[in-house]
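K.L.:
I would like the atomic coordinates for the input below:
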Amino acid sequence: MLTFDSSPTVYWFVGYMLAVVMIGLNLKKRVPLSLYLVGTGALFVLMRLPSVVLNRELNADESQVISHAITLFQDPVYWRSVDGTTIGPLDNYLLVIPRWLGLQLDYTSARLMGVLCGLGALFFFFVALKKWFGDSIARIALLLLVIFLAFTQETDYVHYSSEQLPLLLLSICLALVADLSTQKKELTFQEKRAPSWAAYSLGFVAGMVPFAKLQAVPQAMVLVVAGLYFTYLYYRRTWRYRPLLMLLLGGITFPVLALAWMLFHSVFQDFIDFYIVGNAIYAGGDGLAGIPSQFGKLVLLSPDFTALLIVVALLTILGIVAEPRFLPPLQRTKGFFVPLLILGYGLAAVYAATKSGNLFVHYLNFCIYPLGLAAVLGIQKVSANRMLTLAGPVLLVAWFGIQDALSFYKNRQLNAFVSVEATTLPQSPVVKAMLPYVHSDDKMVVWGWQCRYYVEAQLAQGTAENHSERCIFQHPLREVYRQRYLSDMKRTCPTVFMDAVGKNSLWVQDVATQGHETFPELGAYIATHYQYLGDIDGTRLYLRNDRLRARR
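P.N.:
Next up, the predicted model:
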């Protein structure tokens, strides 16, 4: 397999040269759109490839989602076999696809799916901008985001995260809103059917968003409101109400299908308890007043996002200086509504990134595409000067180029994702000690927070949650989580139980107050049905009695 060392100089040179070429293509008037899109897509994939082939955990969320996918491949009923807590079911089901194609469920296959989601989100973002602002401006705005997403090496934008599928769904919704906003008054018979299907598709895709990540719902709601507005305008022009009804019908289709599926599998109460109520408890935050300071803290944690934010601000200032009107008129749109939509979409993204109150930089993924939309308002004002319109991509390439040059000068390092001898899954000491006792269809349970063990062992989880943080910390639903945890243990009879609380566990590291014995019923169950095999590198390993007897 292709690998990358710390300084793949030629590879990086090719990447930067391709970025320069893509910038230069915007100076030519007749570059085929297909060629331009292929070039930007190639730039994105080329510079993301080092992180894709690195088969190591970059963020704990990756192991959590991959573990869910391994489990869903065996038992596909979400909320019975798997509970992703804040991560919706669609994010987890997406990662089952590589397994269906015969690939191992690991960090490489997960990031490959993330790259595909990114390509899709960028494409539909471009489609929306092309309809609203025209081809040339859409190309530049697309390139701005491609450069950011291609050259950033901050892991929060590179690892497979639960934001990537929602961003694809939101970009599809954005493109559908743009399509609805540009419908002509005089339509042929075929064209009269188009608004209805665009409206239904908008509702259907927006209805999927809550099942990908609840955090993305505010942005989806903004786009649905925009869709309602444009279908209303269509009704006023044509006296045809079908698109409006189709939008509403599309909006309830996926939730109704999901509800029927949940009722059939008897997991509706789990959906309410562990997804709706559980997320409501998790999303504490400091209210609306705390959003500015929370957003500021998040931005300061991400130098690359700060650079993108500064570039967009400079483009806005440049646009204001070049053309003093507050907002430019937009072709084929209704007055100020599209700029207001962009503003509302951006505010919803900031709300989504800050509502939980947690300083997780990957939440800023929700703000990347709204920033791209905001940049367009500045780019459009200087569109008569093609050199000025390219200021954003040039500044961003300069930022990354300077950062890489300094890193190479100081440390002889260009690439943060060194994959030499790291393209296959490693195995922790406790996983190596466990493997002789298990079969491929066995289940295992890890108390604490170390989901990497599931991925390394390629074994399904024996409890719905693959980390037990919500069974440990005090909160209103802790006893409900504990009851389900023990019930799952009795139902699945996992062959292996690990207590990872300690140095190998995220957040929960105090054995005396957070070990599995602090849950008395679980401690008694483990003592009765499992044999302690020892503490291996800080993780306590237990094997089910019947498996131990069978080996003897």
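
K.L.:
show me what contacts residue 305?
P.N.:
154, 299, 361, 364, 367-368 (Cβ atoms under 8 Å, 6 or more residues apart in numbering). From N, CA and C alone the C-beta is placed, and that goes for glycine too.

K.L.:
so how far is residue 52 from it?
P.N.:
21 Å (Cβ to Cβ, to the nearest Å).

K.L.:
kindly report the same for residue 43.
P.N.:
15 Å.

K.L.:
repeat that for residue 103.
P.N.:
Per Cβ to Cβ, residue 103 is found 12 Å from residue 52.

K.L.:
same question, residue 376
P.N.:
30 Å.

K.L.:
what does residue 210 give?
P.N.:
For residue 210, the distance to residue 52 (Cβ to Cβ) stands at 29 Å.

K.L.:
what do you get for residue 371?
P.N.:
24 Å.

K.L.:
same check, this time on residue 447
P.N.:
From residue 447 to residue 52 the distance is 32 Å (Cβ to Cβ).

K.L.:
please, where are all the helices along the stretch 51-200 of the chain?
P.N.:
In the stretch 51-200 of the chain, the helices defined using DSSP state H, counting those that start in this stretch lie at 60-74, 89-94, 96-100, 107-133, 135-151, 155-158, 164-181, 189-208.

K.L.:
just say which of those helices is most tucked in.
P.N.:
Compared across the helices of the stretch 51-200 of the chain, helix 164-181 shows the largest average neighbour count, a mean of 26 (mean count of other Cβ atoms under 10 Å).

K.L.:
off-centre distance for that one?
P.N.:
Its chain's average C-alpha position is 15 Å from that of helix 164-181, according to Cα atoms, centre = their mean, to the nearest Å.

K.L.:
then it to CSV, C-alphas only?
P.N.:
Included here for helix 164-181 are C-alpha records, laid out as CSV according to Å, rounded to 0.1, in the frame of the first residue of the first chain:
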residue,chain,number,x,y,z
GLN,A,164,-19.3,14.7,7.5
LEU,A,165,-22.5,12.9,6.5
PRO,A,166,-24.7,15.7,7.9
LEU,A,167,-22.7,18.2,5.9
LEU,A,168,-23.3,16.2,2.7
LEU,A,169,-27.1,16.2,3.5
LEU,A,170,-27.1,19.9,4.2
SER,A,171,-25.2,20.7,0.9
ILE,A,172,-27.8,18.6,-1.0
CYS,A,173,-30.6,20.7,0.8
LEU,A,174,-28.8,23.9,-0.1
ALA,A,175,-28.6,22.9,-3.8
LEU,A,176,-32.3,22.0,-3.8
VAL,A,177,-33.2,25.3,-2.2
ALA,A,178,-31.2,27.1,-4.9
ASP,A,179,-33.0,25.1,-7.5
LEU,A,180,-36.4,26.1,-6.1
SER,A,181,-35.4,29.7,-5.9
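
K.L.:
tell me the helices and strands packed up against it.
P.N.:
Applying 3 or more Cβ pairs under 8 Å, 6 or more residues apart in numbering; DSSP states H and E, one finds that helix 164-181 contacts helix 89-94, helix 107-133, helix 189-208, helix 217-238, helix 337-354, helix 365-381.

K.L.:
which one of those lies nearest to residue 3?
P.N.:
Between residue 3 and the helices and strands packed on helix 164-181, the shortest separation by Cβ to Cβ is 11.7 Å, and it involves helix 107-133.

K.L.:
now do the closest one against helix 365-381, angle only.
P.N.:
30 degrees (axes from the mean of the first three to the mean of the last three Cα atoms, to 10 degrees).

K.L.:
who's in contact with the closest residue to residue 438 other than its chain neighbours?
P.N.:
Excluding the flanking residues, the one nearest residue 438 by Cβ to Cβ, 6 or more residues apart in numbering is residue 495, at 5.4 Å. Neighbour list for residue 495: 437-439, 442-444, 543-544, 547 [criterion: Cβ under 8 Å, 6+ apart].

K.L.:
now residue 495: how far from residue 465?
P.N.:
Look at residue 495 and residue 465: by Cβ to Cβ, they are 18 Å apart.

K.L.:
kindly report the same for residue 341.
P.N.:
For residue 341 relative to residue 465 (Cβ to Cβ), the value is 38 Å.

K.L.:
ok, back up a step: got CSV for the helices and strands packed on helix 164-181, with distance to residue 529 too?
P.N.:
Listed next are the helices and strands packed on helix 164-181 as CSV, based on distance: least, Cβ to Cβ, whole Å:
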stretch, distance to residue 529
helix 89-94, 28
helix 107-133, 33
helix 189-208, 41
helix 217-238, 42
helix 337-354, 43
helix 365-381, 42
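
K.L.:
out of those, which gets nearest to residue 23?
P.N.:
For those, proximity to residue 23 was assessed by Cβ to Cβ; helix 365-381 is nearest, at 13.3 Å.

K.L.:
any buried residues in the very next helix or strand once past that closest one, and which?
P.N.:
For helix 365-381, the succeeding helix or strand toward the C-terminus, using DSSP states H and E, is helix 386-389. Neighbour-count burial for helix 386-389, counted by 16 or more other Cβ atoms under 10 Å, picks out 388-389.

K.L.:
okay, helix 386-389 in PDB with CA atoms only?
P.N.:
In PDB, the C-alpha atoms belonging to helix 386-389 read as follows (Å, rounded to 0.1, in the frame of the first residue of the first chain):
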ATOM      1  CA  ARG A 386     -10.600  38.800 -11.900                       C
ATOM      2  CA  MET A 387      -7.400  39.200 -10.000                       C
ATOM      3  CA  LEU A 388      -9.200  40.600  -6.900                       C
ATOM      4  CA  THR A 389     -11.700  37.700  -6.900                       C
END
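
K.L.:
list the buried residues of the helix or strand following it.
P.N.:
Using DSSP H and E, the helix or strand that follows helix 386-389 in sequence is helix 391-411. Within helix 391-411, the residues scored as buried using 16+ other Cβ under 10 Å are 391-397, 399-400, 403-404, 407.

K.L.:
so which elements touch the helix or strand following helix 391-411?
P.N.:
Using DSSP H and E, the helix or strand that follows helix 391-411 towards the C-terminus is helix 429-434. On a contact count with 3+ Cβ pairs under 8 Å, 6+ apart, helix 429-434 meets helix 452-457, strand 496-499, strand 530-536, strand 539-544.

K.L.:
could you dump the ones you listed to JSON lines with mean neighbour count, mean pLDDT and distance to residue 260?
P.N.:
Shown next, in JSON lines, are these (neighbours: other Cβ atoms under 10 Å; pLDDT from 0 to 100; distance: least, Cβ to Cβ, whole Å):
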{"stretch": "helix 452-457", "mean neighbour count": "25", "mean pLDDT": "96", "distance to residue 260": "30"}
{"stretch": "strand 496-499", "mean neighbour count": "26", "mean pLDDT": "96", "distance to residue 260": "35"}
{"stretch": "strand 530-536", "mean neighbour count": "15", "mean pLDDT": "95", "distance to residue 260": "39"}
{"stretch": "strand 539-544", "mean neighbour count": "22", "mean pLDDT": "96", "distance to residue 260": "36"}
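
K.L.:
kindly reformat the ones you listed as a markdown table containing distance to residue 87.
P.N.:
Converted to a markdown table, the helices and strands packed on helix 429-434 look like this (distance: least, Cβ to Cβ, whole Å):
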| stretch | distance to residue 87 |
| --- | --- |
| helix 452-457 | 15 |
| strand 496-499 | 22 |
| strand 530-536 | 29 |
| strand 539-544 | 24 |
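
K.L.:
of the ones you listed, which is nearest residue 181?
P.N.:
Checking the helices and strands packed on helix 429-434 against residue 181 by Cβ to Cβ gives helix 452-457 as the closest, at 43.8 Å.
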